[in-house]
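*Asks:* Fold the following for me, if possible:
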Amino acid sequence: MSARVTFKCSTCEKIHQGLPAIAFDAPWPYYTLSPEERAKRSVLTSDTCVIDEKEYFVRAVLEMPIVGQAETLEWGVWGSLSERNFARYNTTFYDLDQSKLGPLFSWFASRLPGYSFAESLRCNLMPRDDRQRPFVEFHPDDTQPLVLDKKQGISLERAIEFVMPVLHKH
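*Replies:* Next up is the predicted model:
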């Protein structure tokens, strides 16, 4: 297994070292609101989002294994939390030992390109220490393609396809 992915870009012909993270600035429900509704009904920060003072979201990290590689593809995604767990998460936000919260039940709240979502995906947000965003862990009995890819890994070619729009965003 190699430590860092190296590949020649088919768009710019340059050699790239490593894979950039693919991040979403807000949870999916936020994107479904018009700009006017967003301004009235939501509060969005770089780490949390609240809609209508009743839907609570936290930014998290989904690590996707790449078959034959030590490096993973990282997605900056969102998960929902209950009001109680959101309050617990916020209360300990600046703690260096936030993993003490243990798994927090969540519904996956991002829509990733290349995956369809016929239903909501159950997951746990796994708080981490040292002010790192929590990891997403899916429930093992779910059989959605995203969950299966998280379990089994994706090909390096597929990982590169996912990051191409991020590499050439500007």
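*Asks:* Centre-most residue in this structure?
*Replies:* Central residue of the chain (Cα atoms, centre = their mean): residue 77, 2.2 Å from the mean position.
*Asks:* sec struct for that residue, please.
*Replies:* At residue 77 the chain is in strand, as set by DSSP: H, G, I helix; E, B strand; the rest coil.
*Asks:* I'd like to know how many residues surround the spatially closest residue to it that is not a sequence neighbour.
*Replies:* Closest residue in space to residue 77, ignoring its immediate chain neighbours: residue 110 at 4.0 Å, by Cβ to Cβ, 6 or more residues apart in numbering. Just so you know, the C-beta spots here come from the backbone N, C-alpha and C atoms, and that holds for glycine as well. By other Cβ atoms under 10 Å, 25 other residues sit near residue 110.
*Asks:* returning to that earlier point: please tell me how far the residue nearest to the centre of the chain sits from residue 115.
*Replies:* Separation of residue 77 from residue 115 (Cβ to Cβ, to the nearest Å): 11 Å.
*Asks:* Correct me if wrong: the residue nearest to residue 77 contacts residue 61.
*Replies:* No: counting by Cβ atoms under 8 Å, residue 110 sits too far from residue 61 to count as a contact (11.2 Å).
*Asks:* quick one: contacts for residue 77?
*Replies:* Residue 77 makes contact with 24, 59, 60, 61, 62, 108, 109, 110, 112, 136 under the criterion Cβ atoms under 8 Å, 6 or more residues apart in numbering.
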